[in-house]
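*Asks:* Take this sequence and fold it.
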Amino acid sequence: MRYTLRQLEYFIAAGESGSITLASERVHISQPSISTAISHLEQELGVQLFIRHHAQGLSLTPAGRNVLSEAKRTIAQAEGLYACASEAHGQVRGALSFGCMVTLAPMLAPELAHSFTTAYPATQIRHVEGNQEDLLEGLRRSEVDIALTYDLQIPSDIVFQPLAKLPPYVLLGDAHPLARHSALTLNELQSEPLILLDLPLSREYFLGLFLKGGLSPNIVNRSAHQEVIRTMVANGYGYTLFNVRPRSAYALDGRKVVRVRLAGEHRPMVIGLATLKVLVQSQLVRAFEAHCRAFISDDYIPGMVAPRYEARAAKNDGQNRR
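*Replies:* Model prediction:
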């Protein structure tokens with residue numbers, strides 16, 4: 001074998017980013033080194049891996065896509081050697097593929113990953129963001145070691161460990177006529193324009209809240225992107241229903257949004273850890289599980305206002321007003 005794992009890593013970075021420049025930034029190595037590694041691989045394997053587009057980056061050839069898939073598998077197997085060695089010596093080290101629900105990732109993933117790698121310096125974490133279906137399929141294909149997601153329709157081949165409950169709430173723009181209410185019912189919201197979070201299983205969850213009460217929401221727009229919805233709400237397009245509670249009270253354009261309690265009894269979403277049932281978990285995965293259990297609870301959630309804390313704050317505010 002006349003190519004190195006490092007050259008494969010450079011090729012993977014270029015293949016996933018579609019750019020020598022972005023690959024260089026991703027792996028912190030010079031652009032000529034990336035180009036040299038790719039040229040060496042093409043010569044050694046006897047195939048063209050990329051089509052070079054002048055000033056427009058790279059695109060993988062059909063052969064390049066196949067090699068990219070195998071290269072990623074080879075790197076994963078090589079990293080697995082560290083995990084095997086750490087098991088033998090009782091050390092926590094190696095690379096962990098951490099999947100996170102796309103609506104949770106911006107808030108939870110950075111703090112969780114940084115605090116874990118600080119506690120275990122011989123570890124690395126690779127982030128994978130996706131919707132519920134993507135993450136569960138990633139677990140089955142061994143592309144994800146452990147996933148932080150919701151308890152929505154968990155199949156029998158997945159083990160789910162609950163960590164914290166997230167009740168639904170109403171999000172409104174600061175200038176919305178209903179924004180000063182202490183609580184709102186679904187009956188009061190039924191005729192108001194709803195901007196729906198359009199993700200697999202999440203949309204069914206929110207629509208199910210109305211269905212349970214025999215109600216039909218007035219959906220005027222949809223988006224799979226949480227921040228797009230927050231900005232639309234802040235600009236007066238309508239309201240939305242969410243479970244995650246970012247600490248920021250502002251949309252990305254700087255306009256303010258307001259959280260209002262959703263009155264009534266509603267099933268909360270539950271944040272938890274998902275793993276593949278048939279797979280014996282490594283010491284690295286077990287250590288990360290313990291880390292998540294220590295960092296996520298009803299009293300504290302990284303990057304979020306924990307529901308229990310919010311409830312206590314609202315209660316204290318109500319008592320102070322009396």
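*Asks:* Stretch 27-47: how far from the chain's middle?
*Replies:* Relative to the chain's own centre, stretch 27-47 is displaced by 31 Å; criterion: C-alpha atoms, centre = their mean, to the nearest Å.
*Asks:* can I get the CA coordinates of it in PDB?
*Replies:* Extracted C-alpha coordinates of stretch 27-47, given in PDB (Å, rounded to 0.1, in the frame of the first residue of the first chain):
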ATOM      1  CA  VAL A  27      -7.800  20.000   8.300                       C
ATOM      2  CA  HIS A  28      -5.500  22.900   9.000                       C
ATOM      3  CA  ILE A  29      -3.000  22.100   6.300                       C
ATOM      4  CA  SER A  30      -1.800  24.000   3.300                       C
ATOM      5  CA  GLN A  31      -3.600  23.900   0.000                       C
ATOM      6  CA  PRO A  32      -0.600  22.500  -1.900                       C
ATOM      7  CA  SER A  33      -0.500  19.600   0.500                       C
ATOM      8  CA  ILE A  34      -4.100  18.800  -0.200                       C
ATOM      9  CA  SER A  35      -3.600  19.000  -3.900                       C
ATOM     10  CA  THR A  36      -0.500  16.800  -3.700                       C
ATOM     11  CA  ALA A  37      -2.300  14.200  -1.700                       C
ATOM     12  CA  ILE A  38      -5.100  14.000  -4.200                       C
ATOM     13  CA  SER A  39      -2.800  13.800  -7.100                       C
ATOM     14  CA  HIS A  40      -0.800  11.000  -5.400                       C
ATOM     15  CA  LEU A  41      -4.000   9.000  -4.700                       C
ATOM     16  CA  GLU A  42      -5.200   9.400  -8.300                       C
ATOM     17  CA  GLN A  43      -1.900   8.200  -9.600                       C
ATOM     18  CA  GLU A  44      -1.700   5.300  -7.200                       C
ATOM     19  CA  LEU A  45      -5.300   4.100  -7.700                       C
ATOM     20  CA  GLY A  46      -5.300   4.800 -11.400                       C
ATOM     21  CA  VAL A  47      -8.600   6.700 -11.400                       C
END
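*Asks:* Pull the helix or strand where residue 138 lies out as CSV, backbone CA atoms only.
*Replies:* Assigning secondary structure by DSSP states H and E places residue 138 in helix 132-140. The C-alpha coordinates for helix 132-140 follow below in CSV (Å, rounded to 0.1, in the frame of the first residue of the first chain):
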residue,chain,number,x,y,z
GLN,A,132,-34.8,11.9,13.6
GLU,A,133,-35.0,9.5,10.7
ASP,A,134,-31.5,10.4,9.5
LEU,A,135,-29.9,9.8,12.9
LEU,A,136,-31.6,6.5,13.5
GLU,A,137,-30.5,5.3,10.1
GLY,A,138,-27.0,6.6,10.8
LEU,A,139,-26.9,4.4,13.9
ARG,A,140,-27.9,1.3,11.9
